[in-house]
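Q: Quick one, fold the following:
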Amino acid sequence: MSFNRAFNQALIMMRLNRNYTSLAYSLFNRGSKFKQKFIDIQYYLSKRRYLCTYVEKENNYAYHIVATDNLGSTVNRTVTNISNEHELTTFLDRNWRNSNSTDIANAFKAASQYCKDHQINLSDTRFDSLVDGLMDHCENLTDTELLELLRCLSEYPRCDSYLAHNFHDVWSCLDDMCCWRIPKRNVETLITFADMWYKWQMAKYSDFIYEILDNLAKKTDKLTKEQLLHLFFLFNVSRRRQVHFEYEYAIEKYINEMTVDQMAVIALGYFKTKSKIKLLPISQAMIKGVTNSCKDIHEISLTAIMKTLRFSQPPKVLNDIQTMLEKLYPELDRFSNVCCLHIALILTAVVTPNYNILNKVSEILFKDIKTIRLKEIERILNVLSMFNYHPKTVPRLYEKAFEELHKDYRSSEIARHPRPFLSALHYLSLQEIYSYSYLDNILDAEYINLSFGKSAKSVPRELFSLDCSIDIDCPDYKGNRLPPHLKYKAAKWLTDFIPSPDQWTNVTLADRLFIAAIEVVKKIVKNEDFIFLHHVLPHFQSGVIVVCKNIETDQFVKPKGFENYILGDIMVPFNDGSLKWYAIMVVGYNNTIKETSIPLGHMLMKERQLKKIGYTPRMVIWNQFLPLTAKEKERYISSMLL
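A: Residues are numbered from 1 along each chain as shown. All right, here's what the predicted structure looks like:
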């Protein structure tokens, strides 16, 4: 078996939670050069459920908020329990296909306690006959029997996978029964059955949950606040479709009547289905709720609301968010690391730094850096590098994070999570911090294929940026690099077309700004041939305007020396000592801190790297340039080209 095939099969088996031990050993004993990188795959697979701990805690907390008393906590048994293994085997070995639905439901109840005590699940072959009988008679189950059976089955030990032998037949059969009866049930009954699917931990796979969310979208004007809360909880645990606008419109009517914990349930429904909040009153109510409850809000509720606000990127509530953060600042010490991180991350959505929050959160994470996840390290680096902020920690948090990534106990986590690891390296590169050993690892062709895929479309921007930055910041690096053909194709996917006035595609505001800058530069240099438009730094999405001036004559001349470069190359300007090269960067609205002219971290990196390879970088910043008259715009850019 090839390494690629073996590794892919290991991943498939991980997803199905099946036995992977023998495959993992056969994979790693083949002497692959990737043995050290993926040596912990067995640990990864065996700890898969551990990775979901926080999600389960979050869901249980949310369920506690919306739970009602219409479900019993235990099965109402009217049958005699099985007491030993021989009795279980004999009992299950009957011909249940000749029985009836009531007896079959009672049989599952009779066996449940013994199976629970001895960790016997439904995939055991002794259940084959009973499951066959259920398949034959399930349509005859009454609503009460169906609910009792779902409650009973939730007490059985979990199977290894939702596709496990017998188990898939049982839950999919009962799922069909629930779906077929939707038109005959009222909302409360539907919610009662949906709760049972959640308790069985099968809400994620159930078509019944999907169907009731779709079906009740037509009746949102008749739903109560409590029913809407329950349905948003189901959006959260199902995660199979986005929140309908009808639900959002209904929530708008009740949002100001909700507690901050109830708002958190609504927030989870949005975030887990990747739905943005589209109605401003909902965002405003959540922010107000957090602001008024900052001294006693639960950290899970706060984290849920922070995540949703960040994902929704509400542009009209910047001042409200800043007020909320000021109120939260004194409370940061009582929150968990994850909660503090999400408070800081909301700054990336409003693109406005709060330096008190950044400094405090950095200090909190700095103290616990040995225990926080790689994901948290990557995210705090994201925030800090965006605003080019250096928190007051000793040593600097950037250096501390760099050291932490090289700790031996991080190797298994790095192997499990290649994407956040790659992003962390990218954010460190914005501060000119590179690890040659890690660059050599992540730029290995086989590692790229295994982690991200073989297509040029799948090459992450962060990986492409790191490879390009090597030519500028790491001249002594001798390790692996992206293959030239892959780099060229990846550059096509990762760079934008240089905009022009006659382009047939839609012209964005950023394009208009770029075109306006080009037109002004043309007037200044007085010859269109004296302008070179290209991605001289291909790892940045937008191109630059390059002009060249003869130092001796102080006249603009035609740029030359780019003939041998192709897209994806770092285009170093030709210079014999008589030329001065200008690279005009057009900095749009999304590349500055909101309501300021301060560029974001990646633009500062672009400026630094342009200077390093021989250009004189100049920034045309949108809110300085656009308000000017035609003559003022010409003077504005002319002053940069002296």
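Q: looking at it, residue 153 is touching residue 167, isn't it?
A: No: if you go by CB atoms under 8 Å, residue 153 and residue 167 don't touch, sitting 9.2 Å apart. (Each C-beta comes from the backbone N, C-alpha and C, glycine too.)
Q: joint contacts of those two?
A: Common neighbours of residue 153 and residue 167, using CB atoms under 8 Å, 6 or more residues apart in numbering, are residue 122.
Q: Tell me which stretches of this structure form strands.
A: For the chain, the strands defined by DSSP state E cover 531-534, 544-550, 555-557, 579-587, 616-621.
Q: Of these, which is nearest residue 216?
A: strand 579-587 (47.3 Å; CB to CB).
Q: Run through who's touching the closest one.
A: For strand 579-587, the surrounding residues in contact (CB under 8 Å, 6+ apart) are 510, 513-514, 517, 521, 536, 542, 544-551, 557, 559, 573, 575, 599, 603, 606-607, 610, 614-622, 637, 640-641.
Q: Restrict those to the buried ones and give me that as a PyMOL selection.
A: Here is the PyMOL command that selects the buried residues among the contacts of strand 579-587 (16 or more other CB atoms under 10 Å):
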select buried, resi 510+513+514+517+521+536+542+544+545+546+547+548+549+557+559+573+599+603+606+607+610+615+616+617+618+619+620+621+622+637+641
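Q: Any stretches of the stretch 301-450 of the chain with poor pLDDT?
A: For the stretch 301-450 of the chain, no stretch has pLDDT under 70.
Q: neighbours of residue 476, just the number please.
A: 6 (other CB atoms under 10 Å).
Q: now residue 626
A: There are 14 residues near residue 626, going by other CB under 10 Å.
Q: give me every residue that touches it.
A: Residue 626 neighbours (CB under 8 Å, 6+ apart): 513, 516.
Q: measure it to residue 589 for me?
A: Separation of residue 626 from residue 589 (CB to CB, to the nearest Å) stands at 10 Å.
Q: Check residue 146 too.
A: Where residue 589 is concerned, residue 146 sits at a distance of 56 Å (CB to CB).
Q: Of these two, which one has the most company?
A: residue 146 (19 against 14).
Q: Model confidence score at the more buried one, please.
A: Note on residue 146: pLDDT of 95.
Q: do residue 69 as well
A: So, for residue 69, pLDDT stands at 48.
Q: what do you get for residue 536?
A: pLDDT, residue 536: 97.
Q: Identify the residue nearest it in space, chain neighbours excluded?
A: Using CB to CB, 6 or more residues apart in numbering and skipping the chain neighbours, the partner closest in space to residue 536 is residue 571 (3.9 Å).
Q: Same check on residue 546?
A: In space, residue 546 is closest to residue 532, 4.0 Å off (CB to CB, 6+ apart).
Q: what's near enough to touch the one you found?
A: 545-548, 559, 562 are the contacts of residue 532 under CB under 8 Å, 6+ apart.
Q: Domains in the protein, by residue range?
A: 3-51, 509-641 (automatic domain parsing).
Q: looking at those domains, which has the lowest confidence?
A: Lowest mean pLDDT of those: domain 3-51, a mean of 41.
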